[in-house]
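>>> pasting a predicted model and its sequence here:
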Amino acid sequence: QVQLVESGGGLVQAGDSLRLSCAASGLTFSNYAMGWFRQAPGKEREFVAAINRSGGSTRYADSVKGRFTISRDNAKNTVHLQMNSLKSEDTAVYYCAADRNIQGPRAVGSLYDYWGQGTQVTVSS
């Protein structure tokens, strides 16, 4: 079955960096666009970043643009989220998701087909 396993979360201070990874199995990874979403306590899930199948097109939430970078390695079935200049408001559980859509990276979570279990990111101020 399809599995998406996130890793790399942790507790950091404001201004620090973290790199999240998501390892995919059970699917043809290069046939899926990939996205990162997050959910903070008491808030709805929100879009963070997405990347198309080839890695040639990316999309970011305004709140992370210029600080976060999404990338993928189709040879290793992994997608990464490099997070720099972290802020306390970035504290959330971060989820990766897979979207079989052939179009460009999408920001609507309900359109994604598979989800990981999430990894906690906590940024102390």
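That came in fine, so what should we check first? Quick caveat: nothing in here was measured; it's all calculated off a predicted structure.
>>> pull out the buried positions in stretch 81-95.
Using 16 or more other Cβ atoms under 10 Å as the test for burial, stretch 81-95 gives L81, M83, L86, D90, T91, A92, V93, Y94, Y95. The way it works is simple: take the backbone N, C-alpha and C, and place the C-beta from them, glycine included.
>>> of all those, which comes closest to S21?
The shortest gap between S21 and any of those belongs to L81, at 8.0 Å (Cβ to Cβ).
>>> what pairs with the closest one across the strands?
L20, I70 (DSSP bridges).
>>> likewise for Q13?
Counting by DSSP bridges, the residues bridging with Q13 are S124.
>>> that one - how many residues pack around it?
11 (other Cβ atoms under 10 Å).
>>> any idea how far it is from S88?
Plainly put, Q13 is 10 Å away from S88 if you go by Cβ to Cβ, to the nearest Å.
>>> any low-confidence regions in this protein?
Within the chain, no range satisfies pLDDT under 70.
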